[in-house]
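Asker: okay, here's the prediction I keep looking at, along with the sequence it came from:
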Amino acid sequence: NIQELAKQPLFLLMLALYDAGENSLVHEYSLKPTELYYRLIRRFIGREEKKKNDDFDEYYQAQDVDQEVERLGLAALGMYNRDRRYIRKNQLNQDFEFMDVPPLHDLTGKLDYGERLLRRFFFVRYIDSETSQDCNYGAYEFLHDSFGEFLTAHYVVNRFTELQNGAQPGKTWYVCMSYVPLPVRYNVMTLLEQWASVTLRQSSWEKEKAWLRKEIACALRGNLLSQIQDASGGFIRDGEEKAPVDLLYHLAVYTCNLMCLGALIMGEVELNRLEREIPRAWWRLLRLWQMSLSEGTMFKISQSFEI
């Protein structure tokens, strides 16, 4: 697997960086791309945290690294939900506020947290005809799109893991799942499947499948409209004022993504058992998607499911 990864220039560079520290590849026989992304990101953040305090306890340092990876994931999700390659400093600060992320400041007090995060190694300044005039709200993109795609997948899988461990779905879950259909972003969908296979607790998935069927049934009955509306009031695009939420669109995206997760992580969504939860469920899903999603999106959905 490592030899296969090394055939691609980006992964060859990442493998060299990964091996440079402690000859880590000596003991590795196989390594998935998602594992490589994850370890490199954590290693870099850990090194930066250690620079701040050499005597920092490793346990608390690991917690700080976890939190920083989550914040990077939120920055990636901000790009993903806006369907942009970049994010502005003010947008990221708005996203932190919308998602109830505690505000942090750098030691000098000169940078807000959004700006401090965007000055990390993973980002470069994004310049085009639209952003070059906007010195007050500078835009940033990841060094490579695949970093953002992995961090988005990582963020979504983490939220699913919380559900698997007994948490109730909240705003962070609906924000992940109700903005952009996964089939539209094939790379994110692929990385999500890979990362889920690495990190999720293996099980028969019976409990998760039952929850998935119940959640889809609740969505089709209209029982999740308040949750969807609460989650859909953020992530405003450039030049857009806060507009009325298109609940049908977000509901269509949410149910589509639930079906994708069922297929990617659990292997299948049993339509016959879903029909017991709510009659004609598959027909209702198709009608909802056809009314709310574009023809291009519907085509990509049709390429993602096998009935």
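Answerer: Happy to help now that I have it. Residues are numbered from 1 along each chain as shown.

Asker: Three-state assignment for residue 201, please.
Answerer: Secondary structure for residue 201, judged by DSSP: H, G, I helix; E, B strand; the rest coil, is coil.

Asker: give me the number of residues near residue 38?
Answerer: Close neighbours of residue 38, defined as other C-beta atoms under 10 Å, add up to 18. Every C-beta, even on glycine, is put in place using the N, C-alpha and C of the backbone.

Asker: how about the nearest residue to it, chain neighbours excluded?
Answerer: Closest residue in space to residue 38, ignoring its immediate chain neighbours: residue 154 at 6.9 Å, by C-beta to C-beta, 6 or more residues apart in numbering.

Asker: any idea which helix or strand comes after the helix or strand encompassing the one you found?
Answerer: In this structure, residue 154 sits in helix 145-164 according to DSSP states H and E. Using DSSP H and E, the next helix or strand after helix 145-164 towards the C-terminus is helix 171-177.

Asker: any idea how far that next one is from the middle of the chain?
Answerer: Computed by C-alpha atoms, centre = their mean, to the nearest Å, the separation of helix 171-177 from the middle of its chain amounts to 10 Å.

Asker: likewise stretch 163-175?
Answerer: Mean-position distance between stretch 163-175 and its chain equals 14 Å (C-alpha atoms, centre = their mean).

Asker: what's in contact with the helix holding residue 154?
Answerer: With C-beta atoms under 8 Å, 6 or more residues apart in numbering as the test, helix 145-164 has contacts from 10, 33-34, 37-38, 41, 69-70, 72-77, 79-80, 85, 122, 141-142, 169, 172-173, 176-177, 185, 187-188, 191-192, 194-196, 199-201, 208, 211, 261, 265.

Asker: for that helix, C-alpha coordinates in PDB please.
Answerer: Output of helix 145-164 as PDB, limited to C-alpha atoms (Å, rounded to 0.1, in the frame of the first residue of the first chain):
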ATOM      1  CA  ASP A 145      -7.800  20.600  -1.600                       C
ATOM      2  CA  SER A 146      -7.400  17.100  -0.200                       C
ATOM      3  CA  PHE A 147      -6.500  18.400   3.300                       C
ATOM      4  CA  GLY A 148      -9.900  20.200   3.500                       C
ATOM      5  CA  GLU A 149     -11.600  17.100   2.000                       C
ATOM      6  CA  PHE A 150     -10.100  14.800   4.700                       C
ATOM      7  CA  LEU A 151     -10.800  17.200   7.500                       C
ATOM      8  CA  THR A 152     -14.400  17.500   6.400                       C
ATOM      9  CA  ALA A 153     -14.700  13.700   6.300                       C
ATOM     10  CA  HIS A 154     -13.000  13.500   9.700                       C
ATOM     11  CA  TYR A 155     -15.400  16.000  11.200                       C
ATOM     12  CA  VAL A 156     -18.500  14.100  10.000                       C
ATOM     13  CA  VAL A 157     -17.200  10.700  11.200                       C
ATOM     14  CA  ASN A 158     -16.500  12.200  14.600                       C
ATOM     15  CA  ARG A 159     -20.100  13.400  14.900                       C
ATOM     16  CA  PHE A 160     -21.300   9.900  13.800                       C
ATOM     17  CA  THR A 161     -19.100   8.400  16.400                       C
ATOM     18  CA  GLU A 162     -20.700  10.500  19.100                       C
ATOM     19  CA  LEU A 163     -24.100   9.200  18.000                       C
ATOM     20  CA  GLN A 164     -22.700   5.600  18.100                       C
END
